[in-house]
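what would the 3D arrangement of this be:
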Amino acid sequence: MQALELTDIKDFMNKFLRTDIFDNFLLQEGMITGAASYRIDGRMTGGFYSSEEQEELGIAGLRFLPYRMLRDSCFDLIKGKKTPVSFRFVLLLSPENISRTLAGTKSSFTADDITGMFYNIHFQDQTLTLTTGVSYKIFSADKSLEHEWDRMACQFLKQHKIPYTKL
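Residues are numbered from 1 along each chain as shown. Alright, predicted model coming up:
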């Protein structure tokens, strides 16, 4: 796990809310606090989409919706003249991307060993941070996957020209 301060808040928020950079992540949850508080539960509601619709949308078998499907709603809740008091978004890799990441890192872990690989994005007191995390279904003292995930997060931010400093 590592904590990074995202140093250009305006640029990051534009990229987060108005581009597709984070669209392949799943949104586990979001919390936006302004004049009122809004909680977004990214868990897919059973029965809302038919099996055919889930296949068409590429969400069959997912527990959480892709951020791309909720991004506009998040933007609508945040946009305006006043900055929110705080917000928090928990993004995670899809099961498919966890498997791809594990294969790419040549990790000894399997997708069945991993509950999730996360980005926690938090804004409060005019500070924006991104914290990485890996949650396991098993006990392991091996932290190599966490270190690789931390490295990949920094690479992802650099690739998308999102400035940061390590905390």
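
all strands of the chain, in order?
3-6, 26-33, 37-41, 86-92, 114-124, 127-136, 164-166 (DSSP state E).

which one of those lies nearest to residue 71?
Checking those against residue 71 by CB to CB gives strand 26-33 as the closest, at 8.5 Å. For every residue, glycine as well, the C-beta is placed using N, CA and C.

still on that earlier bit, kindly present the strands of the chain as TSV, with separate columns for mean pLDDT.
Shown next, in TSV, are the strands of the chain (pLDDT from 0 to 100):
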stretch	mean pLDDT
strand 3-6	97
strand 26-33	97
strand 37-41	96
strand 86-92	97
strand 114-124	96
strand 127-136	96
strand 164-166	97
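
take these and lay them out in JSON lines including distance to residue 99 and mean neighbour count.
JSON lines is the format used below for the strands of the chain (distance: least, CB to CB, whole Å; neighbours: other CB atoms under 10 Å):
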{"stretch": "strand 3-6", "distance to residue 99": "25", "mean neighbour count": "18"}
{"stretch": "strand 26-33", "distance to residue 99": "14", "mean neighbour count": "20"}
{"stretch": "strand 37-41", "distance to residue 99": "25", "mean neighbour count": "14"}
{"stretch": "strand 86-92", "distance to residue 99": "13", "mean neighbour count": "21"}
{"stretch": "strand 114-124", "distance to residue 99": "9", "mean neighbour count": "19"}
{"stretch": "strand 127-136", "distance to residue 99": "14", "mean neighbour count": "17"}
{"stretch": "strand 164-166", "distance to residue 99": "27", "mean neighbour count": "12"}
